[in-house]
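A.B. asks: Quick check, what structure comes out for this input:
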Amino acid sequence: MTRWKIILGAVLLVLGAHGVQGAAQAAAVEKETDIVIYSDDRFYSAFPSVVCRPDGEL
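C.D. replies: Coordinates of the predicted model:
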């Protein structure tokens, strides 16, 4: 019984190492171009704007 566990463990290690190598090779991604969704030269914000409503609520 212990012998099968050792063999199964060795097989899983070999298959796991092969999967990691395949994932590293497939992870090569290259950026093609940037897309501008919205542009306004008078306004820049890295976060959502705070708006004061007519009733005073922010």
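
A.B. asks: Poorly predicted segments of the chain, please.
C.D. replies: 1, 17-26 (pLDDT under 70).

A.B. asks: Tell me which residues touch the residue sitting nearest the centre point of it, please.
C.D. replies: Geometric centre of the chain, nearest residue: A27, 11.3 Å, by Cα atoms, centre = their mean. Counting by Cβ atoms under 8 Å, 6 or more residues apart in numbering, A27 touches no other residue. Every C-beta, even on glycine, is put in place using the N, C-alpha and C of the backbone.

A.B. asks: Please, where are all the strands along the protein?
C.D. replies: Counting by DSSP state E, the chain forms no strands at all.

A.B. asks: Tell me where it has helices.
C.D. replies: 2-26 (DSSP state H).

A.B. asks: If you tally nearby residues, what's the number for Y38?
C.D. replies: 5 (other Cβ atoms under 10 Å).

A.B. asks: residue contacts, it?
C.D. replies: Y38 touches nothing, counting by Cβ under 8 Å, 6+ apart.

A.B. asks: could you measure it against Y44, distance?
C.D. replies: 11 Å (Cβ to Cβ, to the nearest Å).

A.B. asks: ok, now E57?
C.D. replies: For E57, the distance to Y44 equals 25 Å [Cβ to Cβ].
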